[in-house]
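Novice: Test case, fold it:
(one chain, ligands or ions: 2)
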Amino acid sequence: MRNDVVHGPGRVVVVGAGMVAHRFAEQLCARDGDWTLTVVGDEPHRPYDRVHLSDVFTGRTAEDLVLAPEVWDDPRVTLVTGDRAVRLDRSAQTVTTASGRVLAYDHLVLATGSWAWVPRAEGTDLPGVLRYRTLEDVEALRAWVTERARTLGRPLRGTVVGGGVLGLEAAAALSTLGVAPTVVEFADRLMAVQLDAGGGEALRVLVTGLGVDVRTSTAATRVVGAADGAVGALELSDGEVLDTDVVVYSTGVRPRDRLARESGLPVAERGGVVVGPTCRTADPAVWAIGEVASHDGECVGLVAPGNAMADVVVNRLFGGCRLYERSPDGTKLKGVGVDAAAFGDVLGLTPGALEVTFADPVARTYRKLVVSDDARVLLGGVLVGDIELYAQLRPLLGRPLGADPSAYLAPTGGAGPVRSDLPDDVVLCSCANVSVGAVRAAVTEHGCRSVGDVKASTRAGTVCGSCVPLLTTVVNSTLETSGFTVSTAMCEHFATSRAELYALVRAEGLRTFTEVVARHGRGRGCAVCRPVVASILSSLGIGHVLQPDQASLQDTNDHLLANLQKDGTYSVVPRMPGGEVTPEKLLVLAQVAQEFGLFTRVTGAQRIGMFGARQDQLPAIWRRLVDAGFESGQAYGKSLRAVKTCVGQAWCRFGVQDSSSMAVRLELRYRGLRAPHKFKVGVSGCARECAEARGKDVGVIATEKGWNVYVGGNGGFTPRHAELLAEDLDDDRLVQVVDRFLALYIRSADRLQRTAPWVAAFPGGVAELRRVVVEDSRGLGAELDAEVERHVAGYVDEWRATLEDPGKLRAFIPYVNAPDRSDPDLSYVPERGQARPARPGERGHPDLLSARAAGATTLQEDAP
Ligand SMILES: Cc1cc2nc3c(=O)[nH]c(=O)nc-3n(C[C@H](O)[C@H](O)[C@H](O)COP(=O)(O)OP(=O)(O)OC[C@H]3O[C@@H](n4cnc5c(N)ncnc54)[C@H](O)[C@@H]3O)c2cc1C
Ligand code: SF4
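Specialist: Ligands and ions are numbered 1, 2, ... in the order given. The predicted model follows:
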């Protein structure tokens, strides 16, 4: 055996050609000296990005997933694929493969990863029972679904056993393949290992909203065969039998430690090759890294620790003294269509830990930070529904938070403190183990001038991608302080800002995401750019939000043209311009609410909202409303919500203008106008301001001479009064000024930027905005007018258009073969003559109607 490592480790053999082996090869290739490397893998592919396996269902090919292949061109490196190592002879220092190769080594690195474990149960060997770990697995899934749908001649139902991160990814893959998925989870919540109870419940609501049927606190006990011998049903421990045409097991992984075990190397009780902090096994010539290595009795199923181990071994092979230390990690759900992430001490088990929680059932977000007893040090966090803070917070684990925890928990659009002043030693990208200091050095010392450059140079942000927002902040602030120009690129797929892309799409008349990305972007887009493109196309009046090429780009609420509620049902909010409603229309609302048992209330935006509609009921409810002359109130969209008003001159003795008529005019003009964020308008009939117009994005207040218009106001966590833009305008001029303001905002705001920060950041401030919008100093007026006119002329009610198109209506069927089936998890209790969702511990009725009826009985009985 060679112990002289000063000039290099000699012959290195790696068994397993997965993600961690690739990292090892990259690190080794960066070293000079006396060495050769042979990597032997049993999969037929070069090492690929397993983390993004699900992307093959949204268009990426196996070739696209291959990890930086240049490393295999190094003349010192040999990659063997499609051949399994079957025997390790430690005394001879050789590895023998299934094809008969005998590889002699000076150092052997075991990087054999894990295999997807399927519990022993009857029927798990039936055709149609699959796993989700390799490219072969996903190809087998695709082939099975295609073939089975052809054989059965109907849409398929599928079940994923396991509601963890990978199970949810598999469920999303089934959906993409057109299979209606059910997820069965033994624990009482989804992502049980990572989330707390509140986060798990929030995630269930979001996932259910995507059409995934979720069963928790129950286990799969038996797979039942169909008449032709393939999978036909799945029996659960609670006695239920789910009809199913495909079952995907995602019940955890087990380390592939057989080679080590058979060669006499110690393996841990729960599996995995035992290593110490040097990643060496009991045999000094044999190392183990990645998922197969058991350190401190634990194998870790993530890339980051595996990569850290690869780095340790390379360092040690060259005489270094680096030690592997498990750094606190986080988990982020991806590729599912909803966001969830967790890190650190999620359950607040650290002595004295404090939990600060913010749950917003309307925005469907749940955020929790766990901090030390003096609220200074960040110990952990759970983010569901909106995880923008994840990238920023995870690297601060165990460090001072730098602000009041509640400041971070403001809802979307609120100002979470953004920190670019992180210490150099903070690990920014845990997957590739890149520190903030290394990112800064990439800019200041290695000539990187954009996020893309830094990614290529350091590999930060190239694995799970969750650190990219923080990476962007650090790169941009370093560029700025070093005197370089900061890139305005929206994300890695588009080098343009949202405003620049808007201008390009508009000028070139592009009509689909595919066209936009082909002309101005690259790749297949991401969670940042896809909704932005959808919003730009909608703002420009191109197509219906649910048309096939746009539906997949939309945010979740837009998918069903309704707002998801905390119990997984939806609200129905028809437009009611000026807050006015005729008695005839009011009757229809009452009938619909009664018939479907909906909870009815007047909303804060002066309209009537009905709550508790199931996904499959939405079209029937809207059919009745549309027939009665109602249209979508777009309470779900990033668009005009409502124009709030007072009764004004028509009824009020103080009113100096007809505020109601103006509000109706404005609402009918801007209804359906999509923008970077939602926007609200208010119109008051005099300076008493009963409509609270200055708290709106656009506030109009009557004067003796006409109207004053204010812009950039909002309520919420960071309330802001709107600022005066123009005074004493007549009706038509007011409309023109508001048109131009909105058109300019839509053109030039950043993604998800509300008018308040946009106005605040407008170069030259409100004074310059006034010059551009009111005085037309840049000569843009006619263009901006035309943009709004085109919107007004092209407006169609989204719900009416949906009802007229059977293709779009299909999105509302949650269970393919049982459209009338209600959700067994729903439960209601009567309250004040209506029905509301039952709270934990409350015994409820299975549907709104029976709960409401029970409430009516109680009220009658209680009556004197
Ligand atoms: C769908 C999916 C999503 C994931 N998402 C994330 C994520 O978001 N973040 C994250 O950190 N992790 C994620 N993971 C986990 C991540 O992929 C693994 O942690 C990582 O791949 C482990 O790398 P590894 O090299 O140790 O093992 P592997 O990538 O499993 O590679 C081991 C390789 O060795 C081969 N092999 C085994 N035995 C032999 C033998 N005897 N001879 C030859 N070859 C052999 C195997 O076939 C395999 O190709 C995800 C995994 C999956 C399946
Ligand atoms: S704002 Fe003026 S006009 Fe409108 S209701 Fe109040 S007092 Fe009357």
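Novice: Distance-wise, check Asn315 relative to Val426.
Specialist: Distance, Asn315 to Val426, using Cβ to Cβ, to the nearest Å: 21 Å. Every residue, glycine included, has its C-beta placed from N, CA and C.
Novice: who touches the residue in the chain that ligand 1 sits nearest to in this structure?
Specialist: Nearest residue of the chain to ligand 1 (Cβ to the nearest ligand atom) works out as Gly18 at 1.8 Å. Applying Cβ atoms under 8 Å, 6 or more residues apart in numbering, one finds that Gly18 lies in contact with Gly41, Pro47, Arg50, Ala111, Thr112, Gly113, Gly290.
Novice: can you check Ala495 too?
Specialist: Neighbouring residues of Ala495 by Cβ under 8 Å, 6+ apart: Ser487, Ala489, His520, Gly521.
Novice: Confirm for me that the third one is in contact with Leu501.
Specialist: Yes - with contact defined as Cβ atoms under 8 Å, His520 counts as touching Leu501 (6.4 Å).
Novice: And the residue of the stretch 701-850 of the chain closest to ligand 2?
Specialist: For the stretch 701-850 of the chain, Cβ to the nearest ligand atom, closest residue to ligand 2: Ala702, 6.9 Å.
Novice: that's a helix at that residue, yeah?
Specialist: No - read with DSSP: H, G, I helix; E, B strand; the rest coil, Ala702 is strand and lies in no helix.
Novice: Tally up the residues packed near it, please.
Specialist: 26 (other Cβ atoms under 10 Å).
Novice: Please apply the same query to the one 5 residues further on.
Specialist: Applying other Cβ under 10 Å, we find 25 other residues in the vicinity of Trp707.
Novice: what do you get for Asp73?
Specialist: Asp73, neighbours per other Cβ under 10 Å, totals 9.
Novice: where exactly do the helices run in the stretch 151-300 of the chain?
Specialist: Counting by DSSP state H, counting those that start in this stretch, the segments of the stretch 151-300 of the chain that form helices are 165-176, 197-209, 258-262.
Novice: Among the ones you listed, which comes closest to Arg852?
Specialist: helix 197-209 (21.8 Å; Cβ to Cβ).
Novice: quick one, strands of the stretch 251-400 of the chain?
Specialist: Ranges of strands within the stretch 251-400 of the chain are 253-255, 273-275, 286-288, 293-295, 330-332, 340-344, 354-360, 365-371, 378-384, based on DSSP state E, counting those that start in this stretch.
Novice: Nearest to Ala227, out of those?
Specialist: Among these, the nearest to Ala227 by Cβ to Cβ is strand 253-255 (33.5 Å).
Novice: Against Trp287, how distant is the residue nearest to Cys321 when sequence neighbours are not counted?
Specialist: The shortest distance from Cys321 to any non-neighbouring residue, by Cβ to Cβ, 6 or more residues apart in numbering, is to Asn315 (7.7 Å). Asn315 sits 12 Å away from Trp287, taking Cβ to Cβ as the criterion.
Novice: These two - which one has more neighbours?
Specialist: Between Asn315 and Trp287, counted using other Cβ under 10 Å, the more crowded position is Trp287 (28 against 18).
Novice: And this structure, what are its domain boundaries?
Specialist: Domain assignment for the chain, taken from the TED database, gives 10-113+256-318, 117-254, 339-409, 427-482, 498-554, 555-637+797-815, 638-795, 828-862.
Novice: would a markdown table of these with mean pLDDT be doable?
Specialist: Shown next, in a markdown table, are the domains of the chain (pLDDT from 0 to 100):
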| stretch | mean pLDDT |
| --- | --- |
| domain 10-113+256-318 | 95 |
| domain 117-254 | 93 |
| domain 339-409 | 85 |
| domain 427-482 | 84 |
| domain 498-554 | 76 |
| domain 555-637+797-815 | 87 |
| domain 638-795 | 93 |
| domain 828-862 | 75 |
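Novice: Tell me who's in contact with Thr124.
Specialist: Neighbours of Thr124 in contact, by Cβ under 8 Å, 6+ apart: Val118, Val223, Tyr249.
Novice: quick one: the second one from Ala143, how far?
Specialist: Spelled out, that is Val223. 19 Å.
Novice: Run a quick check on Thr182 versus Leu156, I expect a contact.
Specialist: No - judged on Cβ under 8 Å, Thr182 makes no contact with Leu156 at a distance of 11.6 Å.
Novice: Between the strands of the stretch 251-400 of the chain, which one is closest to ligand 2.
Specialist: strand 354-360 (30.1 Å).
Novice: Can you pull up the most central residue in the chain?
Specialist: Asp339 (3.3 Å; Cα atoms, centre = their mean).
Novice: what's the closest non-adjacent residue to it?
Specialist: Of all residues not flanking Asp339 in the chain, Ile387 sits nearest, at 4.4 Å (Cβ to Cβ, 6+ apart).
Novice: Could you tell me how many residues sit around the one you found?
Specialist: Around Ile387 there are 24 residues (other Cβ under 10 Å).
Novice: next one: Arg511
Specialist: For Arg511, the count of nearby residues is 15 (other Cβ under 10 Å).
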